[in-house]
Structure formats: C-alpha cells, structure tokens
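K.L.:
this one's sequence-less:
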C-alpha cells in the first residue's frame, strides 16, 4: 500500500523555502521603493534648481533666504514661502514636497558656512538627505552632529 501525501519534513522544507523567497522579495521591494522616492526627490529639487536659474535670468535675482529655510514637519510652509516668488514669476508651477516627508533646505549667500561640490561662496544652495547613497555632491553639517546632506547649487 502506497502512502499518498507529503511527510511533515517535506512540508516544513517547502514552507522554509517559501518564507526565504518571500523575505528576499520584500527586501527588494523596500529597496525599490526607497530608490523610487530618492529619484523623485532629486528630480523635484532639480526642477526647483532650474526654476531658480530661470527666475534669475528673468529678474536678475533669486528669492532671498539668508538663513536656511526648511520644509521640515515643524514648519513645512517656510520652504514653499521662501520659494513662492518662483511660482509667482511663473518659473515653476508649484513647489514640490518630499515624497517621504524628509526635510529640504534652501539658503542664499551661505558664505563659507556651506561647501557644496568643493565650492563655497555660492549664490544659493538646495540641500537634502536621501534614503540611500546617491552620486551627488555632499557636505557635512558639523553644527548638526555631522549629518551628511546632498546639495544642488549654482556652482
């Protein structure tokens, strides 16, 4: 008489294999989502950077922010308010927000306080943090515990 069915060991091995494959898929999915948010984040900030350049071409100046303004949760409108002249000047339709709610910063004439891409005395700088490593210029913010930020600027 032949036994029809699977042994307990066979079922456990198959279950373990399925669990292992599921964990690999979930890990790759989370990484793909982070990659997607970073791509959107950089694209949105590059759009703001292009709008700053267009605004400068049209008006001969850029919106002023002597101290860095942020889009952080505590004051999300500060960033959009500082860059509102870009919208009013029709250089950009709207000021985007970070896809994961992370902070973006904008500063004009940061002097030697911010070095981006090995340059300082910049007209403006947009800086942000990402969810993974990017191939963009960075600077270390020693005033905030050595946090690493990626930056986009006119330099």
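P.N.:
Arrived safely. Here the structure is a predicted model, which is why all the values come from computation and not from measurement.
K.L.:
hey, let's count contacts and neighbours off CA atoms from now on
P.N.:
Noted.
K.L.:
Skip the chain neighbours and tell me the closest residue to residue 64.
P.N.:
Counting by C-alpha to C-alpha, 6 or more residues apart in numbering, the nearest residue to residue 64 once its immediate chain neighbours are dropped is residue 108, at 6.0 Å.
K.L.:
Which positions within whichever strand or helix holds residue 149 qualify as buried?
P.N.:
In this structure, residue 149 is located in strand 147-153 according to DSSP states H and E. Neighbour counts over strand 147-153 (16 or more other C-alpha atoms under 10 Å) mark 148-153 as buried.
K.L.:
Now do the residue nearest to residue 64: how many residues are near it, please.
P.N.:
Around residue 108 sit 20 other residues, with neighbours defined as other C-alpha atoms under 10 Å.
K.L.:
Contact partners for it?
P.N.:
By C-alpha atoms under 8 Å, 6 or more residues apart in numbering, residue 108 lies in contact with 63-68, 122-125.
K.L.:
From the residues you listed, which shows the smallest pLDDT?
P.N.:
For these, the model is least confident at residue 66; its pLDDT is 68.
K.L.:
what about residue 96, distance to residue 140?
P.N.:
Using C-alpha to C-alpha, to the nearest Å, residue 96 is found at 25 Å from residue 140.
K.L.:
which secondary structure elements does the helix or strand bottoming out on mean pLDDT in the chain contact?
P.N.:
Every helix and strand in the chain was compared by mean pLDDT, DSSP states H and E; the lowest is strand 138-141, with a mean of 74. Applying 3 or more C-alpha pairs under 8 Å, 6 or more residues apart in numbering; DSSP states H and E, one finds that strand 138-141 makes contact with strand 147-153.
K.L.:
Can you name the residues in contact with the strand it packs on?
P.N.:
Residues contacting strand 147-153 (C-alpha under 8 Å, 6+ apart): 45-46, 49, 116-117, 122-130, 136-141.
K.L.:
For the top helix by length along the chain, which helices and strands make contact with it?
P.N.:
If you go by DSSP state H, the chain has its longest helix at helix 8-59. For helix 8-59, the elements it packs on are helix 84-88, strand 147-153, judged by 3+ C-alpha pairs under 8 Å, 6+ apart.
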